[in-house]
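[1] Quick one, what's the 3D model for this:
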Amino acid sequence: MARESRPKALGSGQCSYKRITLIVCFVNIVIALFVLRSLYSSLYIYSNKDNGNCKIYTRSD
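    Here you go, the predicted model:
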């Protein structure tokens, strides 16, 4: 007795656990890259905020 868990009518469009896992991992990687990009850009903005108060030293100082 062969037991079929999925009907064959789905064909190649069926969603396996492996495919769902790959999609979830891909979405997580995209979200992580977006978060890192936004953190890096905010760090860049705030690190250059008070550069106007810095004194530039020359050789005569």
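
[2] Report the residue spans of the protein with pLDDT below the cut-off.
    1-13, 44-55, 61 (pLDDT under 70).

[3] hmm, 90 instead?
    1-15, 37-61 (pLDDT under 90).

[4] for it, what spans make up the helices?
    Assigned by DSSP state H, the helices in the chain fall at 17-47.

[5] Any idea how many residues pack against residue 27?
    By the criterion of other Cβ atoms under 10 Å, residue 27 has 10 neighbours. Heads up, the C-betas are built off the backbone N, CA and C, glycines and all.

[6] And for residue 23?
    So residue 23, with other Cβ under 10 Å, has 11 neighbours.

[7] Equivalent analysis for the one 5 residues further on, please.
    By the measure other Cβ under 10 Å, the count of residues near residue 28 is 10.

[8] ok, now the one 4 residues further on?
    When neighbours are defined as other Cβ under 10 Å, residue 32 has 10 of them.

[9] cool, residue 33 as well?
    Residues within reach of residue 33, counting by other Cβ under 10 Å, total 10.

[10] need the contact list for residue 22.
    Listed by Cβ atoms under 8 Å, 6 or more residues apart in numbering, residue 22 has no contact partners.

[11] Quickly note the distance from it to residue 42.
    31 Å (Cβ to Cβ, to the nearest Å).

[12] likewise residue 32?
    Using Cβ to Cβ, residue 32 is found at 16 Å from residue 42.

[13] Over to residue 57?
    Taking Cβ to Cβ, one finds residue 57 at 29 Å from residue 42.

[14] quick one, which of the two is more surrounded?
    residue 42 (10 against 7).

[15] Can you give me the distance of that one to residue 31?
    From residue 42 to residue 31 the distance is 17 Å (Cβ to Cβ).

[16] Over to residue 59?
    Counting by Cβ to Cβ, the gap from residue 59 to residue 31 is 50 Å.

[17] out of these two, which sits in the busier spot?
    The residue with more neighbours, out of residue 59 and residue 31, is residue 31; 10 against 4, by other Cβ under 10 Å.
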